[in-house]
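Student: build me a model:
(one chain, ligands or ions: 1)
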Amino acid sequence: MSNTLDLARQKLTLALDVPDLNAAQEIAGLVAPHVGRIKLGTVILEANGTPQVIEAMHRIGVLNVFVDLKWHNTPDVVAKTVASVTRMNVGMINVHALGGVKMMRAAKDAAMQTWEEAGRNVRCPLVIAVTILTSQDYDDLAEIGVVPLFEHNGPDAIEIKKHKMEALVVSLARAAQKAGLDGAVASVHEALPIRNACGPKFRIVTPGIRPAGADKTDQKRLDTPANAIKAESDELVVGSPIYKDPNPAEAAERIVREIAEALGTHCGCEKTPA
Ligand code: C5P
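Tutor: Sure thing, here's the model as predicted:
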């Protein structure tokens, strides 16, 4: 069981969406032994500066950070940005798949080239693509014209919309794979279709995870840790249920136990994490 617990911890990523750097360092220090990676996004990085936050995490021994800035820009601008962040020695970065194959390829190439230029003395960050945010559903995409409005209101409407979302997310994940990226971010609902389309080596990162009884906040396509494992997610991203808890380490460990239990049931999913 202890190996399964270790594996479960490697599969859990804390989304550290708190703006105060001191509070963030305290939470990170408490939670780091219970998770595989800590994700730093706009909330903390914009308030304190990306290099400063990464350095602060490194100082307390948190080395495997995921810089989640979801870049979506011209290929050249994304490449230069990726080079700067790769020099800061991070474990994972991401771009929006909607930025296109050329942009994604430029991001991956820049990460590899910078890593080589640094004499491989920094990590070569995994580069993954955001498909569709888990806070958005079909109707949100229809509202901005990304998918056609869906007038049909029959009993099967929800199912049809779910399938259309799935097809869109899978095609974005395939595009990321074609560009040489290491994986994609998607909701649990799309994880298995991505696994089937992209194979066992493609890293599937799933936010929108809520343990039983947790607050939904602004997420729409939510699911449980057990279902994420069943859907062959490699990495489960959980934020508020951990950092808002008065005892974040214990909250993380509760989720670890849910993951471990699911790994025990779906032992075919036990893969070595990156
Ligand atoms: O607090 P919560 O568990 O909802 O946090 C989820 C995290 O996952 C947030 O940091 C959010 O930015 C991130 N996220 C993501 N990609 C998505 C949806 C959410 O990185 N598609």
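
Student: check contacts around whatever residue of the stretch 151-274 of the chain ends up closest to the ligand.
Tutor: Among the residues of the stretch 151-274 of the chain, G239 lies closest to the ligand, at 2.6 Å counting by C-beta to the nearest ligand atom. Every C-beta, even on glycine, is put in place using the N, C-alpha and C of the backbone. Taking C-beta atoms under 8 Å, 6 or more residues apart in numbering, we find G239 in contact with L14, A15, L16, D17, K39, P207.

Student: filter those down to just the ones in strands.
Tutor: The strands, defined by DSSP state E, take in L14, A15, K39 from the contacts of G239.

Student: about what we covered before: can you tell me which two in the contacts of G239 are farthest apart?
Tutor: The distance between the two most remote of the contacts of G239 (C-beta to C-beta) is 12.9 Å, for L16 and P207.

Student: residues in contact with stretch 55-65?
Tutor: 21, 24-25, 28-29, 32, 36-40, 48, 54, 88-92, 123.

Student: let's see which of those end up in strands.
Tutor: If you go by DSSP E, the contacts of stretch 55-65 have R37, I38, K39, L40, M92 in strands.

Student: for this protein, what lies in contact range of the ligand?
Tutor: 15, 17, 41, 68, 130, 133-134, 185, 207-208, 217, 219, 237-240 (C-beta under 6 Å from any ligand atom).

Student: again, 8 Å this time
Tutor: Residues of the chain found near the ligand (C-beta under 8 Å from any ligand atom) are 15, 17, 39, 41-43, 68, 70, 94, 130-135, 185-187, 205, 207-210, 217-219, 237-243.

Student: please enumerate the strands of the chain.
Tutor: According to DSSP E, the strands that the chain contains are 12-15, 37-41, 65-71, 92-96, 126-130, 183-185, 203-206, 235-238.

Student: report the closest residue of the stretch 1-150 of the chain relative to the ligand.
Tutor: Taking C-beta to the nearest ligand atom, the ligand has its nearest neighbour within the stretch 1-150 of the chain at A15, 3.5 Å off.

Student: close enough to count as contact, V78 and K108?
Tutor: No - look at V78 against K108 with C-beta atoms under 8 Å: they stay out of range, at 10.2 Å.

Student: regarding this structure, what is its longest helix?
Tutor: Counting by DSSP state H, the longest helix found in the chain is helix 157-178.

Student: circling back to that earlier point, among the contacts of stretch 55-65, name the buried ones.
Tutor: Those of the contacts of stretch 55-65 that meet the buried threshold are 21, 24-25, 28, 32, 36-40, 48, 54, 88-92, 123, by 16 or more other C-beta atoms under 10 Å.

Student: how many neighbours does K178 have?
Tutor: Other residues near K178 number 12, with proximity taken as other C-beta atoms under 10 Å.

Student: contacting residues for it?
Tutor: Per C-beta under 8 Å, 6+ apart, neighbours of K178: V101.

Student: tell me how far it lies from I194.
Tutor: Shown here: K178 relative to I194, a distance of 13 Å by C-beta to C-beta, to the nearest Å.

Student: cool, I255 as well?
Tutor: Distance, I255 to I194, using C-beta to C-beta: 22 Å.

Student: got it, and E261?
Tutor: 24 Å.

Student: who's more crowded, these two?
Tutor: Using other C-beta under 10 Å as the criterion, E261 and I194 rank with I194 on top: 27 against 17.

Student: A186 is in contact with the more buried one, correct?
Tutor: Yes - I194 lies in contact with A186 (C-beta under 8 Å); the separation is 5.8 Å.

Student: which parts of the longest helix of the chain are buried?
Tutor: Using 16+ other C-beta under 10 Å as the test for burial, helix 157-178 gives 161, 164-166, 168-170, 172-177.

Student: for stretch 192-207, same thing?
Tutor: Buried residues in stretch 192-207, counted by 16+ other C-beta under 10 Å: L192, P193, I194, R195, C198, F202, R203, I204, V205, T206, P207.
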